[in-house]
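[1] Okay, structure incoming, though there's no sequence with it:
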């Protein structure tokens, strides 16, 4: 990779959008968010950073030194020429006058900068005042000149807009309307021009630091649709200079995230015959930020579909040989040249969320049945941010959020992530906050770093974070030994062996000429001798030894099934592989030691009923939340083990390039698979309640979830329970009638961030309390080890059930804590009525690494609104 800028590092610059308030990563509708995990090896030119600036108008004013009333203004003629260059393009002309009111901080000697400034100011003003979501009362530009202007439009609508602008600028009496000018077609005030002006601002910021000649080569990308941000390559010194500027809110390194299906819907109760709103569902657009899609898959056929809904503002820019249809309504590419999926991951997640029903789907005969998504009538918009290696660059994901919000998606599913990071440095948190502001819920995988505690990577409270759990279908395989003994193991083996055939078994320690005995036993990388394992099944004392067995050319592998191996055997591996528990693994080795010619076979996998479902996967990342310790994460669990869904036929199902198999449907496991299940369920709820906020939908899913129990055989009880599954297992059908919902506003989130003293946030005065006071559907608190405690959780619920209803509280609690609720009865007389209450949790001193759980249930005998309560020490 050639950096083209003195070998400088990437830097992401994020500019806030509206007011001059510093919005760090979160506040106004145009801030920003990149997505990726910091791994300098993935960026040979250096690390990617993110810089947040103040709002564009304020930032531009500061940039050019125009900040108030220090210096007298220039002559009218110069200002007239300055404004005319900009306003003439909008059908506006200046009236003559002898004097002007505005005061400039300094004379602008550069005509280009003068023109750029005024074009930018005016276009942003028109954009913001004409956009339905803009609130002009909150808009206070500090550097705009007040000028008498004569406007000549023919459109009354546009006259009203100009008057709004005039009112904000304090010049309403100076506008005169007459005939002669046509309103631009774009009701948002010529968006292309606005985007160009904002991009010019980004370049100007870099020019001040790097100089005019170097700035264009440094700028990587501008984000101008939903966020005001840019990515650039900078040295560390240049990064520090930008970070020191007054208009810069924060600078942080980029990360590179990694990618994290159909019995599962039936298992959750969302059957084919469940009640639906097909017309509304057809208007729902699910945005999939992932690795692309295979548009020709049967799961994405548009047979019977009408045109996309009118609200759709996106485009089909999927690259060469990529065609959208009325099912896949849009596609954009940020990584590579085509939105076509070469890994299978994006196709799998998209079809899980919103694929149509496909009969007879199977993986080489395994798990055959009807494959479908949670909302099969919904549309799909694809944003390809992940490349062939499965890595997803920060600046690309930011661009996808920017576009998805502006395109008009109703919901975003994003199955990629990294380690937990502070909100102001977390691009998924940033992007999803802006999506939330626009009424768009973002569903995010919790991560695949379990079962260790505090590994959950999706930690922002406005995200719906998903854990992966099992269904009542399990795929197993069988190992048949030469002595006739059959052992049941874990594995997805699509390879068919002739029944009755036996193959030589060899242990790793006997198949190596290069490694120590300890390394050979576990089939460590590079240890197996190809000539010794050819035509044989290798037995390894390690869960990941199959990789070396495959490299060496073995016929198959028998692994020691640890928690790690359990994760691998839930995927389609490139050779017949069976994972055995330690006890069963010892049976195989004992047999091998009993004969000079040990033989065996690994049979093709089969499907059995899993009576233990649902259990959280060992790989699923656990809490507690490392960034906001008083916010329970993950939020909810959903099917994420052995999921069958659509796949890219050009991608080997095992991911290994030497795997020559091709399939239209494949079996995958991960929180990546759980995430689109929750997204599909959220979209299903939205079809019944189109006006519900993201927090209301999230609350409905959490408070109606099935209760789950901590894994009994877990080695460490601390990391299980709510730290593994959050509120419980998703129950989509119940979620459309939750009774009560916990609604959380943008202001609530801001107050929470202020209580955390988050970097770059402008707070509305002194904020009391802590994140536990957020109006969240779950309750969690971290208490000090060895000390008694008493904690209050203030909450407010909104009635969405029956107009006249009374809810009585019930607490299910651990004997180690006491829980009280005041008031204990809530009576409602109307829908959308709100009632507040306080939950008090107290108890005696707890030892280190202790998690104590309880739950609060509000019931009106029709609805049961359940919230988990967690108290823990570290």
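    Received the coordinates, thanks. Not measured: the values here are computed from a predicted model.
[2] only C-alpha atoms for contact and neighbour calcs from this point on.
    OK.
[3] residues contacting residue 490?
    Applying Cα atoms under 8 Å, 6 or more residues apart in numbering to residue 490 gives the contacts 475, 476, 477, 561, 566, 569, 570, 578, 579, 580.
[4] Go through stretch 412-427 and flag the buried ones.
    Buried residues in stretch 412-427, counting neighbours by 16 or more other Cα atoms under 10 Å, are found at 412-421, 423-427.
[5] which secondary structure element contains the closest residue to residue 781 other than its chain neighbours?
    Nearest residue to residue 781, sequence neighbours excluded (Cα to Cα, 6 or more residues apart in numbering): residue 630, at 4.7 Å. Assigned by DSSP states H and E, residue 630 belongs to no helix or strand.
[6] just to revisit the earlier point, among the buried residues of stretch 412-427, which are in helices?
    Of the positions in those, residue 427 sit in helices, assigned by DSSP state H.
[7] Closest one to residue 643 out of the buried residues of stretch 412-427, please.
    The closest of those to residue 643 turns out to be residue 415 (Cα to Cα; 14.4 Å).
[8] Could you report the distance from the closest residue to that closest one other than its chain neighbours to residue 639?
    Take residue 415 and drop its neighbours on the chain: the residue closest to it by Cα to Cα, 6+ apart is residue 672, 4.5 Å away. Going from residue 672 to residue 639 by Cα to Cα, to the nearest Å gives 10 Å.
[9] Give me the three-state assignment for residue 229.
    strand (DSSP: H, G, I helix; E, B strand; the rest coil).
[10] ugh, wrong one, residue 801
    coil.
[11] how many neighbours does the closest residue to it other than its chain neighbours have?
    In space, residue 801 comes closest to residue 739 once its chain neighbours are excluded; the distance is 4.0 Å by Cα to Cα, 6+ apart. By other Cα atoms under 10 Å, the residues close to residue 739 number 26.
[12] List the contacts of residue 739.
    Residue 739 is in contact with 799, 800, 801, 802, 863, 864, 865, counting by Cα under 8 Å, 6+ apart.
[13] Need the residues that contact the strand or helix carrying residue 865.
    Using DSSP H and E, residue 865 sits within strand 864-872. For strand 864-872, the surrounding residues in contact (Cα under 8 Å, 6+ apart) are 632, 702-705, 722, 726-727, 738-740, 777-783, 849-859.
[14] how deep is the residue lying closest to residue 306 once chain neighbours are set aside tucked in, by neighbour count?
    Nearest residue to residue 306 in three dimensions, chain neighbours excluded: residue 326, at 6.5 Å (Cα to Cα, 6+ apart). Residues within reach of residue 326, counting by other Cα under 10 Å, total 19.
[15] Report the secondary structure state of residue 326.
    coil.
[16] so where does residue 383 fall, helix or strand?
    Counting by DSSP H and E, residue 383 is found in strand 379-384.
[17] which element follows that strand toward the C-terminus?
    Next along from strand 379-384, by DSSP H and E: strand 391-393.
[18] Can you pull out the low-pLDDT segments for the stretch 601-750 of the chain?
    Within the stretch 601-750 of the chain, the stretches with pLDDT under 70 are 711-715.
[19] about what we covered before: quick check: the gap between the residue nearest to residue 781 and residue 701.
    Distance, residue 630 to residue 701, by Cα to Cα: 20 Å.
[20] who has more neighbours, those two?
    More crowded of residue 630 and residue 701, by other Cα under 10 Å: residue 701, with 32 against 23.
[21] my read: that one touches residue 735, true?
    Yes: contact criterion Cα atoms under 8 Å: residue 701 and residue 735 qualify, at 5.2 Å.
[22] what number of residues lie near the residue nearest to residue 415?
    Other residues near residue 672 number 34, with proximity taken as other Cα under 10 Å.
[23] distance between the host helix or strand of it and the chain's centre?
    Residue 672 is part of helix 671-688, with elements assigned from DSSP H and E. Centre-to-centre, helix 671-688 and its host chain are 13 Å apart (Cα atoms, centre = their mean, to the nearest Å).
[24] low-scoring stretches of the stretch 101-250 of the chain, by residue?
    101-201, 223-224, 226-228, 246-250.
[25] pLDDT weak spots in the stretch 401-550 of the chain?
    Ranges of the stretch 401-550 of the chain meeting pLDDT under 70: 497-500.
[26] mind listing the helices for it?
    427-437, 517-521, 530-533, 546-552 (DSSP state H, counting those that start in this stretch).
[27] hmm, back to that, what pLDDT, on average, does the strand holding residue 865 get?
    In this model, strand 864-872 has a mean pLDDT of 97.
[28] and it, which strands flank it?
    Strand 864-872 pairs in its sheet with strand 779-782 (parallel), strand 851-859 (antiparallel), by DSSP bridges.
[29] Check which helix or strand residue 751 maps to.
    Using DSSP H and E, residue 751 sits in helix 746-755.
[30] that older thread, out of the helices of the stretch 401-550 of the chain, which gets nearest to residue 617?
    Using Cα to Cα, the nearest of those to residue 617 is helix 546-552, at 20.7 Å.
[31] what packs against the closest one?
    helix 530-533, strand 556-560 (3 or more Cα pairs under 8 Å, 6 or more residues apart in numbering; DSSP states H and E).
[32] what comes up buried for the first one?
    For helix 530-533, the neighbour count (16+ other Cα under 10 Å) marks 530, 532, 533 as buried.
[33] In contact with the first one, which residues?
    What that stands for is residue 530. Counted by Cα under 8 Å, 6+ apart, residue 530 has contacts 552, 553, 554.
[34] Kindly provide the distance from residue 332 to residue 746.
    From residue 332 across to residue 746, the span is 29 Å (Cα to Cα).
[35] These two: which is more packed in?
    More neighbours surround residue 332 than the other of residue 332 and residue 746, with 25 against 16 (other Cα under 10 Å).
[36] Tell me the bridge partners for the more buried one.
    Beta-bridge pairing of residue 332 under DSSP bridges involves residue 317, residue 383.
[37] what about it, distance to residue 431?
    Residue 332 sits 17 Å away from residue 431, taking Cα to Cα as the criterion.
[38] Show me the shaky parts of the stretch 751-874 of the chain.
    Ranges of the stretch 751-874 of the chain meeting pLDDT under 70: none found.
[39] Can you show me the strands along the stretch 201-350 of the chain?
    Applying DSSP state E, counting those that start in this stretch to the stretch 201-350 of the chain gives strands spanning 219-223, 228-234, 248-253, 256-259, 285-290, 316-317, 328-333.
[40] Just put those in CSV and tack on distance to residue 751.
    Shown next, in CSV, are these (distance: least, Cα to Cα, whole Å):
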stretch, distance to residue 751
strand 219-223, 27
strand 228-234, 23
strand 248-253, 18
strand 256-259, 29
strand 285-290, 29
strand 316-317, 39
strand 328-333, 35
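[41] Which one, of the ones you listed, ends up nearest to residue 309?
    strand 285-290 (8.7 Å).
[42] Could you figure out how far the closest one is turned away from strand 328-333?
    Counting by axes from the mean of the first three to the mean of the last three Cα atoms, to 10 degrees, strand 285-290 lies at 30 degrees to strand 328-333.
[43] Against residue 730, how distant is the residue nearest to residue 415?
    15 Å.
[44] nearest spatial neighbour of residue 648, skipping sequence neighbours?
    Leaving aside its sequence neighbours, residue 648 sits nearest to residue 344 (Cα to Cα, 6+ apart; 4.5 Å).
[45] Contact partners for that neighbour?
    The neighbours of residue 344, taking Cα under 8 Å, 6+ apart as the test, are 291, 293, 294, 646, 647, 648, 649, 651, 653.
[46] can you give me the helices in the stretch 151-300 of the chain?
    Here the stretch 151-300 of the chain has its helices, by DSSP H, counting those that start in this stretch, at 156-169, 191-210, 215-218, 236-243, 263-267, 278-282.
[47] What's the local residue count around the closest residue to residue 840 other than its chain neighbours?
    Of all residues not flanking residue 840 in the chain, residue 792 sits nearest, at 4.4 Å (Cα to Cα, 6+ apart). Neighbours of residue 792 under the rule other Cα under 10 Å: 17.
[48] List the contacts of residue 792.
    Shown in contact with residue 792 (Cα under 8 Å, 6+ apart): 838, 839, 840, 841.
[49] again, but for residue 291
    With Cα under 8 Å, 6+ apart, residue 291 has these contacts: 339, 341-347, 383-387, 390.
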